[in-house]
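>>> Coordinates for the following, if possible.
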Amino acid sequence: MTIGDNRELCISLEDRAGALVLRVVGQVGIPSEADQLEGALARAFLHCPRLMVIDLAQMTAISSHGISALLKWRPQIRERIAPLRLAAPQPHVLDLMQRTGMVELFEVFPTVDAALS
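Model prediction:
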């Protein structure tokens, strides 16, 4: 199911045996894109999966707005659902996550399959 789609950002949800994969394609750089990500996280939250994985393999960039959206939903998802895992971030996205300390707040996996196991 596609949650949002514009020229810069496309977000979709996929159910994988009770786990939910939220796939982010494009950049989350400006406030409207962060709002789109936040809306997708809110919709995913309503599904109450046993595990949520955010697939970052095709995320081209993330700004402080996107980081804020992830940080805002992290405690709610972890408290109500289960682990929230990030998968396959591009090297420059992973570098930013390391510099901002996000890798200490999220479980980060090299692939979606690894995050699901």
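>>> Torsion angles phi and psi at the residue nearest to Arg50 when sequence neighbours are not counted?
Spatial nearest neighbour of Arg50, excluding adjacent residues (Cβ to Cβ, 6 or more residues apart in numbering): Gly18 at 4.8 Å. From N, CA and C alone the C-beta is placed, and that goes for glycine too. With angles defined as degrees, to the nearest 10, Gly18 sits at phi 90, psi -10.
>>> OK, contacts around Gly18?
Contact analysis of Gly18 by Cβ atoms under 8 Å, 6 or more residues apart in numbering lists 49-51.
>>> and Val93, what are its phi and psi?
Taking degrees, to the nearest 10 as the convention, Val93 sits at phi -70, psi -40.
>>> Also Ala17?
According to degrees, to the nearest 10, Ala17 has phi 60, psi 50.
>>> so what pLDDT did it get?
In the prediction, the pLDDT value recorded for Ala17 is 88.
>>> so how far is Val53 from it?
When Cβ to Cβ, to the nearest Å is the yardstick, Ala17 and Val53 sit 12 Å from each other.
>>> Name the single longest strand found in this structure.
If you go by DSSP state E, the chain has its longest strand at strand 51-62.
>>> relative to strand 51-62, how tilted is the helix or strand just after that strand?
Next along the chain after strand 51-62, taking DSSP states H and E as the criterion, comes helix 64-80. With axes from the mean of the first three to the mean of the last three Cα atoms, to 10 degrees as the basis, helix 64-80 and strand 51-62 are set at 170 degrees to each other.
>>> Tell me which residues of helix 64-80 come out buried.
Residues of helix 64-80 classed as buried under the neighbour-count rule (16 or more other Cβ atoms under 10 Å) are 65-67, 69-70, 73, 77.
>>> can you tell me which residue is nearest the centre of the protein?
If you average the C-alpha coordinates of the chain and look for the closest C-alpha using Cα atoms, centre = their mean, you land on Ile54, 3.4 Å from that point.
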